[in-house]
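>>> predicted structure and sequence below. I'll ask about it afterward.
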Amino acid sequence: MVFNSVTFLVFALIFFALYFNTRGRVRTWVCLLASYLFYGWWDWRFLSLIVFSTVMDWWFGVWIARMDAPDDTRQQINSGSAVLRFFGDLAERATALGWNRKTVLTFSMVMNLGFLGFFKYTNFFIESFAALVRSLGMQPSNVTLHIILPVGISFYTFQSMSYTIDVYRKEIKWEPSLLKFATFIALFPQLVAGPIVRASDFLYQMSEDKKLDMQRIYSGLGRVLWGFFKKVAVADSLAPFVDQVFQAPHTFSAAHLTVGVVFYSFQIYCDFSGYSDIAIGLARMMGYDFPENFRTPYFSKSFSEFWTRWHISLSSWLRDYLYIPLGGNRNGKMGTYRNNMLTMLLGGLWHGANWAFVFWGFLHGLFLIAQRIVAPLWLRLANRLLLPRWVRTGISIAVVYVLTLIAWVYFRAGSIGLAGGDSFGTANTILGTIARGADFSPGSIINKFQVIKGGILLVILLAVEISNPVVRWNPIQTARPYVRWAIFAVLLWLIALFGTFGSNAFIYFQF
């Protein structure tokens, strides 16, 4: 089920009617069953996978807690539900066999990454090995398994893993209720494409029923409408132009390809941040607070800043559960460079089973390393030239954005690779044509109506995002009713006027 569909609109109306007319465990059951219906709409068979992963990771939390405080935890388990007593007994028996908390964590990591690796990377590694063998002059037989990638597996796997790791680190308390934990993992707003919500940010919010709060309803609805504008009006309007560019790059001029690359940078931003806005808005209407996932990333002055503004829930996850455990910046320059590169390579691989995604991660790792070397030199040069602050900022933003564009070309080409195309060939053709300057005249740009429409939408988008720190559009529309309804009306008009209505799936569904 996708947000931009009539089916979801009907689903949401029924869900909120039930949600605000139930209490306690009944409301939690409503959330869980609705979330499973939402997820199972694509393919009900994968419900068994998310249910199994949920039960196992919840049990691992019980098991680790049982080892950390045997007496206190045993008493809580014995006074809990029949399900908790059953799994507590299993944990006690397994502990008696010699399992320790580190072994349990390791088993949890192997299970989660094993599922993710099997469904997402099996064919990728088979095909990569076959290509390596062919490069050595041998002819391996073509072996490809027909594996369907479960929607959202990358997101809910990381969410579930973080819970077990945090319980192991004693940073959060284990959750006694399997029902609450299952709802936390499967809650439909963020289930398929994030943001990646951690247990420490959410489970405590389920401690009491959320009352119907009209200010939160209005605030959440405004965020939902803004997310729909980003997705349906901006991203889906830019998509046809971008698709043409990447499907046949050799047929277009450098000017046309440059517009296509710029359009893609905003297509993926509006598509993904639009999903996050809708998810955050829906959660706010329910009474919950999800973490922000995007903060105007294309205004970043450095790549380290970019990764605190782009897909914040993933970048912070990689920082806390990969970069810092690897040593972070505590092992000297070379150790920091290595950890930056490893983190970004694995971040690229997380996005998709294609070498173009890995190369995208490599480029961002390279950018982060280069930044550490170049930044002090640039600061000295700027001081010597007596450049005003606004000039320095503008140059830094422009450099970061242009290099990000280059990396995005390989990222988008990775999607072509997932479909069996030539990722690197497509990306190199686009960048090579632009670098050679093969006709930069405006007249060489085809489909000028799409370009004009896309330009108008980007002006609206940037005007809102640039003014938002000062105007703060979302809070102001909840405080002033006449402004609120005016904003809602304008957003609905823009969506109706510019929207592309075809229930186009969100880009990150494939990851």
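Thanks, I have it. Remember, predicted model here, so these are calculated numbers, not experimental data.
>>> low-confidence stretches in this structure?
70, 128-135, 140-146, 417-421, 471, 473-479, 502-511 (pLDDT under 70).
>>> count residues in the vicinity of the closest residue to Asn339 other than its chain neighbours, would you?
Residue nearest to Asn339 in three dimensions, not counting chain neighbours: Leu326, with 4.5 Å by C-beta to C-beta, 6 or more residues apart in numbering. In this view, the C-beta of every residue, glycine as well, is placed from N, C-alpha and C. By the criterion of other C-beta atoms under 10 Å, Leu326 has 16 neighbours.
>>> residue numbering should commence at 46 henceforth.
Right, with 46 as the first residue, what we last looked at is Leu371.
>>> quick one: Leu371 and Gly380, what's the gap?
Relative to Gly380, Leu371 is positioned 8 Å away (criterion: C-beta to C-beta, to the nearest Å).
>>> try Glu220
Relative to Gly380, Glu220 is positioned 36 Å away (C-beta to C-beta).
>>> and what of Trp271?
42 Å.
>>> compare those two (neighbour count), which wins?
Per other C-beta under 10 Å, whichever of Trp271 and Gly380 has more neighbours is Trp271, with 23 against 14.
>>> and the helix ranked longest in the chain, what does it pack against?
Counting by DSSP state H, the longest helix found in the chain is helix 146-180. If you count contacts as 3 or more C-beta pairs under 8 Å, 6 or more residues apart in numbering; DSSP states H and E, helix 146-180 packs onto helix 92-113, helix 198-213.
>>> following element in sequence after the last one, please.
Scanning the chain past helix 198-213 towards its C-terminal end, the next helix or strand to appear is helix 223-231 (assignment: DSSP states H and E).
>>> mean neighbour count and distance to Met156 added to the helices and strands packed on helix 146-180, as TSV?
TSV is the format used below for these (neighbours: other C-beta atoms under 10 Å; distance: least, C-beta to C-beta, whole Å):
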stretch	mean neighbour count	distance to Met156
helix 92-113	21	6
helix 198-213	23	10
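>>> what's the first helix or strand after the helix or strand where Phe317 lies?
With secondary structure defined by DSSP H and E, Phe317 is part of helix 299-331. Scanning forward in sequence from helix 299-331 by DSSP H and E, the next helix or strand is helix 348-351.
>>> can I get that next one as PDB, trimmed to CA atoms?
Output in PDB follows, covering the C-alpha atoms of helix 348-351 (Å, rounded to 0.1, in the frame of the first residue of the first chain):
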ATOM      1  CA  PHE A 348      30.000  16.700   3.600                       C
ATOM      2  CA  SER A 349      30.100  16.000   7.400                       C
ATOM      3  CA  GLU A 350      27.300  18.600   7.600                       C
ATOM      4  CA  PHE A 351      25.500  17.000   4.700                       C
END
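>>> can you list the residues that contact that helix?
Pro342, Ser345, His409, Phe412, Leu413, Gln416, Val445, Leu448, Thr449 (C-beta atoms under 8 Å, 6 or more residues apart in numbering).
>>> show me what contacts the nearest residue to the fifth one once chain neighbours are set aside?
Read it as Leu413. Spatial nearest neighbour of Leu413, excluding adjacent residues (C-beta to C-beta, 6+ apart): Asn385 at 4.6 Å. Asn385 makes contacts with Tyr368, Gly410, Leu413, Ile414, as judged by C-beta under 8 Å, 6+ apart.
>>> before we move on, the earlier item: now for the helix holding Phe317, which elements pack on it?
So helix 299-331, by 3+ C-beta pairs under 8 Å, 6+ apart, packs with helix 51-64, helix 233-236, helix 259-273, helix 281-292, helix 434-463, helix 468-481, helix 493-516.
>>> please tell me how far Tyr333 sits from Gly265.
The gap separating Tyr333 from Gly265 is 10 Å, by C-beta to C-beta.
>>> just give the nearest non-adjacent residue to Leu94, would you?
Residue nearest to Leu94 in three dimensions, not counting chain neighbours: Pro195, with 5.9 Å by C-beta to C-beta, 6+ apart.
>>> show the contacting residues for the nearest residue to Trp219 once chain neighbours are set aside.
Excluding the flanking residues, the one nearest Trp219 by C-beta to C-beta, 6+ apart is Ala110, at 3.9 Å. Residues near Ala110 by C-beta under 8 Å, 6+ apart: Thr118, Val212, Lys218, Trp219.
>>> list the residues that contact the second one.
By that I understand Val212. With contact set as C-beta under 8 Å, 6+ apart, Val212 has these partners: Phe105, Gly106, Ile109, Ala110, Lys218, Trp219.
>>> which two in the residues you listed are spaced the farthest apart?
Based on C-beta to C-beta, the longest span within those runs between Phe105 and Lys218 and measures 14.4 Å.
>>> for the helices and strands packed on helix 146-180, give me CSV that also has distance to Val237.
Below are the helices and strands packed on helix 146-180 laid out as CSV (distance: least, C-beta to C-beta, whole Å):
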stretch, distance to Val237
helix 92-113, 11
helix 198-213, 7
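>>> these: which one's closest to Lys275?
Among those, helix 198-213 comes nearest to Lys275, with 19.0 Å by C-beta to C-beta.
>>> centre of the chain to that closest one, how far?
14 Å (C-alpha atoms, centre = their mean, to the nearest Å).
>>> how about stretch 272-288?
18 Å.
>>> tell me, how many residues neighbour the residue nearest to Leu94?
So Pro195, with other C-beta under 10 Å, has 21 neighbours.
>>> that one against Phe91, yeah?
Yes: counting by C-beta atoms under 8 Å, Phe91 is a contact partner of Pro195 at 4.2 Å.
>>> which element follows the helix or strand containing Thr381 toward the C-terminus?
According to DSSP H and E, Thr381 maps onto helix 377-396. Scanning forward in sequence from helix 377-396 by DSSP H and E, the next helix or strand is helix 400-429.
>>> identify each buried residue in that following helix, please.
When burial is assessed from 16 or more other C-beta atoms under 10 Å, helix 400-429 yields the following buried residues: 400-414, 416-417, 427.
>>> by contact count, what packs against that helix?
Contacts defined by 3+ C-beta pairs under 8 Å, 6+ apart place helix 400-429 against helix 348-351, helix 377-396, helix 434-463, helix 468-481.
>>> can you give me how far the longest one is from the chain middle?
So the one you mean is helix 434-463. 18 Å.
>>> mind splitting the protein into its structural domains?
Following automatic domain parsing, one gets these domains for the chain: 51-254, 255-339+492-556, 347-468.
>>> so how far is the longest one from its chain's centroid?
In other words, domain 51-254. Centroid separation between domain 51-254 and its chain, computed with C-alpha atoms, centre = their mean, is 17 Å.
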